[in-house]
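Asker: I would like the atomic coordinates for the input below:
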Amino acid sequence: MNIFSPKIVDGDIVIENGDIAMIEGDEELAQSVRMLLQTRKGEFFLEEDHGLVFDHILGKDFNLDEARDDIIEAISQEDRIASVEEIAFNDDLQSRTRTISLTLKKDDGETLSVEGVEIDG
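Answerer: So this is what the prediction gives:
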């Protein structure tokens, strides 16, 4: 089953040649994962369990093991992902941002890389 979604860049739907740009396949799945990780759990009123708990990822209470557990728990909400193979954190001290890069195993056994997901509380 192929899922089509509007292409979203920086929170905005992309318009190309007067039409909403659509994406599918790995590009759509990567976008879905990004949006999942950038949504604070409880923030989306229609589905309060959707998203990521930010408590262990941002601020002074950063805890690598708990942050990894929270990311894996959030990713488990995406049925098309079988497992999280690798998680890497990158901190930019100048801009005070944290990004996450992931290697995921899809339910078809193929891998998917999702790079530079900015987590901002």
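Asker: so what touches whichever strand or helix holds Asp26?
Answerer: Element membership of Asp26, judged by DSSP states H and E, is helix 25-37. With contacts defined as CB atoms under 8 Å, 6 or more residues apart in numbering, helix 25-37 is touched by 2-5, 7-8, 23, 50-52, 71, 74-75, 77-78, 80-81, 100, 102, 104, 106, 112-114, 117, 119. (Glycine included, C-beta is placed from N, CA and C.)
Asker: just checking, what packs against the strand ranked longest in the chain?
Answerer: When the chain is parsed with DSSP state E, its longest strand is strand 81-92. Counting contacts by 3 or more CB pairs under 8 Å, 6 or more residues apart in numbering; DSSP states H and E, strand 81-92 is packed against helix 64-75, strand 97-106, strand 111-119.
Asker: could you redo the last one with a cut-off of 7 Å?
Answerer: helix 64-75, strand 97-106 (3 or more CB pairs under 7 Å, 6 or more residues apart in numbering; DSSP states H and E).
Asker: can you list those in a markdown table and add mean neighbour count and distance to Arg34?
Answerer: A markdown table is the format used below for those (neighbours: other CB atoms under 10 Å; distance: least, CB to CB, whole Å):
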| stretch | mean neighbour count | distance to Arg34 |
| --- | --- | --- |
| helix 64-75 | 16 | 11 |
| strand 97-106 | 17 | 10 |
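Asker: out of those, the one nearest Phe45 is which?
Answerer: helix 64-75 (17.6 Å; CB to CB).
Asker: can you list the residues that contact the closest one?
Answerer: With contact meaning CB atoms under 7 Å, 6 or more residues apart in numbering, helix 64-75 is reached by 33, 36-37, 51-53, 56-57, 81, 84, 87, 100, 104.
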